[in-house]
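Asker: the following block contains a protein sequence and its predicted model.
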Amino acid sequence: MQFEFETDRFPVMRARYYTAVAEKRAVRVIVIHSMEAPEKGDTAENVARYFQNPDPNKVSAHLCIDNNSIVQSVLDNDVAFAAPGANHDGIQLELAGYAKQTRADWMDPFSILVLENAANAAAQYCLKYNLPIRHLSDEELRSAQKGIVSHAQVSAVYRKSDHTDPGQGFPWDHFIERVQYHHTQRSKKLLSNS
Ligand SMILES: [Zn+2]
C-alpha cells in the first residue's frame, strides 16, 4: 500500500544554521543525540533558542525534545548540522539529558517521558520515510542500511566528529520497543482513516 504519512505539526523555532534542499530529501537514518543540557521542562525550548543564535560551531537539529514538549528547529526536508557524515540523509533528534547518564538515569521519571516523546517522533519518521524500526550496528550504518543510530555511531563510522552522545547508558532496547509501540498505534490509525 502506498501512502503519504506526515508527522504531527510540532511548534517551529527555525534554527540559524541548516541547508535548504530543493528536491525531496532521501532520509536513511534517524540520529539520536543528548543535548548535554539539564533535565528541565523548558530545555527543548531553550536549546531551540540556542540554535537560533549565531554560534561558531554552527549547530542545529530537526527536533528538540524534553519531557513535555517537542520543538522543531530544522524542517524535515532541510539538512541540520548535527552529525557530520549523516547530516545529508539524517533526521536529527536532540533529547534533553547527558551522554554521561547511566541506564538508570535514562529510565528515571523525567527521562522516561523524554524517551516516550522521542520514540513517538521517531515512529512518525519511520512511517514518513519508510524506515525499519531497528537500531543499526556500526557495520550496518557503514553499509548504508536504513534505521536508527546514535551520534556516537556516526562519529565512529564516518570519523568527522568526536561526539559520543547519547552515551553508553542509553536504553536502546526500551527505546526501540517504544518506537515499535507508537509505530503500531499510528499505523492502525492510518488504516482506520483510509
Ligand atoms: Zn550529538
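Answerer: Great, that's in hand. Keep in mind the model is a prediction, meaning the values are calculated, not measured.
Asker: for this protein, which segments count as helices?
Answerer: Ranges of helices within the chain are 43-50, 103-106, 109-129, 138-142, 151-158, 172-193, based on DSSP state H.
Asker: and the third one, what does it pack onto?
Answerer: Here helix 109-129 touches strand 29-34, strand 63-65, strand 90-95, helix 172-193, going by 3 or more Cβ pairs under 8 Å, 6 or more residues apart in numbering; DSSP states H and E. Bear in mind the C-beta positions are built from the backbone N, C-alpha and C, glycine included.
Asker: so for the ion, which of the ones you listed sits nearest?
Answerer: Minimum separation from the ion across the helices and strands packed on helix 109-129 (Cβ to the ion) falls at strand 29-34, 3.3 Å.
Asker: related to what we said a few turns ago, nearest to S60, of the helices of the chain?
Answerer: S60 sits nearest to helix 43-50 of all the helices of the chain, at 9.4 Å, using Cβ to Cβ.
Asker: buried residues, the closest one. List them.
Answerer: By neighbour count on 16 or more other Cβ atoms under 10 Å, the buried set for helix 43-50 is 43-48, 50.
Asker: what residues does this protein put near the ion?
Answerer: When proximity is defined by Cβ under 5 Å from the ion, the chain lies next to the ion at 33, 151, 163, 165.
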